[in-house]
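Trainee: from the sequence below, what's the structure:
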Amino acid sequence: MLMLRGAAWLGAATWFGLVVARGTFWDARGGSLRAPQPGRELPDVYAIVPARNEADVIPRTIRALRAQRYPGRLSILVVDDRSEDGTGVVAAASGADVLTGAPRADGWTGKVWALEQGVRAIRARGATPIYWWFTDADVQHGPGVLAELVTTAEDEDRDVVSLMVQLHCETPAERLLIPAFVFFFMKLYPFRWVADQRRRTAAAAGGCLLMRSEALERIGGVARIKDALIDDVAFASAVKSDGGSLRLELTDDSESIRPYETFGEIWSMVARSAYTQLKYSPALLAGTVLGMTMLYLVPPVATIAGIATRRPSVAAPGAFAWTLLTCAYAPMLRRYRTSLWLAPLLPLAALLYTGMTVDSARRHVGGKGGTWKGRTFTPAAK
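Mentor: Sure thing, here's the model as predicted:
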């Protein structure tokens, strides 16, 4: 009980520090991008859509891309990443320019290899877009999204402007885990810090990532991140480390149309790359498990145990920390129009995500750390 009391006080102090000083990561309102003034011309953009086995959703994606109200030239290329469900045929029937992908080159991850082929193909045609728009095949964008992305990049001199799209959140599994996923991401990468050139924090969201062509050249092209399983953060880190400027925001105008109907689907999505985020380090894995336990599991355990044993010195810090994390999480639940009664259950979501991270390490050790859509890629630890 003495150890639990100490852990509860440490957790309470840590949560207070996070809420007060970690870049207002809990603010889920989202920032407003800049809209172009009427009559303003914007520079050329080439959208690259890597797609593997997306035949059921890609028609909506293509329609939304073609419906962009963009005051400039927008070209769209779908890279069919050797799909087995006719994705390329469906995309072409929807009016897209389609490139059939070649077998994955050694040392490349699947999505990144598809992006590389798209960039190569466009350059081979002699096209020189000012911006690249990398967007996922299961994301549907509102008609003004691209214009706002480019205007923001131009007016704020940003090399990367990225949007964390509104994820699908309707099934019970999604309601418990998807808002928590975005909350954890924002706590790890506070968006205010991402935009601050004085800080090293770098992140982007791969579902919607606009990059200045000059910035891509400056980092050495797509090849700079060829073995990245978490390609969006890898792109952002490369750009910022070379002096580039980033902006990352939440949005309601772009949404993922791919549902994750079961806990197992979400588990697989996270477990394929969670250990990558920890740089394949057993020490970082142990630290993550310890940190998640202290921040999310100790508060409710200390609260309940302190009340049950009539020890206010245990219950009070536990309840304080539990209240803080609940209040910090509530704005994200409101954003996802999900019941606020789920806020006190964030420790349960944290327990599940901790399990996914441990399972990710287990898969990596077993040679299946990068399994996704029927393919496995597990790079060597660095």
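
Trainee: lowest-confidence helix or strand of this protein?
Mentor: Ranked by mean pLDDT, DSSP states H and E, the weakest helix or strand in the chain is helix 274-277, scoring a mean of 86.

Trainee: and the next helix or strand past that helix?
Mentor: Per DSSP states H and E, the first helix or strand lying C-terminal to helix 274-277 is helix 282-292.

Trainee: can you show me the CA trace of the least confident helix or strand of the chain as PDB?
Mentor: The C-alpha atoms that make up helix 274-277 are tabulated as PDB, following Å, rounded to 0.1, in the frame of the first residue of the first chain:
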ATOM      1  CA  ALA A 274       3.700   0.100 -32.300                       C
ATOM      2  CA  TYR A 275       7.100  -1.400 -31.500                       C
ATOM      3  CA  THR A 276       8.500   0.500 -34.500                       C
ATOM      4  CA  GLN A 277       7.600   3.700 -32.600                       C
END
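
Trainee: for that helix, the distance to its chain's centre please.
Mentor: Centroid separation for helix 274-277 versus its chain: 13 Å, with CA atoms, centre = their mean, to the nearest Å.

Trainee: which residue ranges form the strands in the stretch 201-350 of the chain?
Mentor: 208-212, 246-256 (DSSP state E, counting those that start in this stretch).

Trainee: what's the angle between the first one and strand 246-256?
Mentor: Pointing back at strand 208-212 there. 140 degrees (axes from the mean of the first three to the mean of the last three CA atoms, to 10 degrees).

Trainee: what helices or strands is strand 208-212 leaning on?
Mentor: Contact partners of strand 208-212 among helices and strands, from 3 or more CB pairs under 8 Å, 6 or more residues apart in numbering; DSSP states H and E: strand 131-135, helix 145-156, strand 160-166, helix 231-241. Glycine gets a C-beta too; all of them are placed from N, C-alpha and C.

Trainee: return the set of buried residues in the last one.
Mentor: By neighbour count, with 16 or more other CB atoms under 10 Å as the criterion, the buried positions of helix 231-241 are 231-240.

Trainee: what average pLDDT does it get?
Mentor: For helix 231-241, mean pLDDT is 96.

Trainee: just the angle between that helix and strand 208-212, please?
Mentor: 30 degrees.

Trainee: which residue ranges make up the domains of the chain?
Mentor: Structural domains assigned to the chain are 2-25+274-365, 45-260, following automatic domain parsing.

Trainee: can you get me the start-to-end distance on the shortest one?
Mentor: Spelled out, it's domain 2-25+274-365. Domain 2-25+274-365 has an end-to-end distance of 36 Å (CA to CA, to the nearest Å).

Trainee: got the contact list for Leu210?
Mentor: 45, 131-134, 146, 149-150, 153, 160-162 (CB atoms under 8 Å, 6 or more residues apart in numbering).

Trainee: what of Phe185?
Mentor: Here Phe185 is in contact with 164, 203 (CB under 8 Å, 6+ apart).

Trainee: buried sites along the helix or strand it falls within?
Mentor: In the assignment (DSSP H and E), Phe185 maps to helix 172-188. Neighbour-count burial for helix 172-188, counted by 16+ other CB under 10 Å, picks out 173-187.

Trainee: which of the buried residues of helix 231-241 lies closest to Cys327?
Mentor: Of all those, Cys327 sits closest to Val233, with 27.6 Å by CB to CB.
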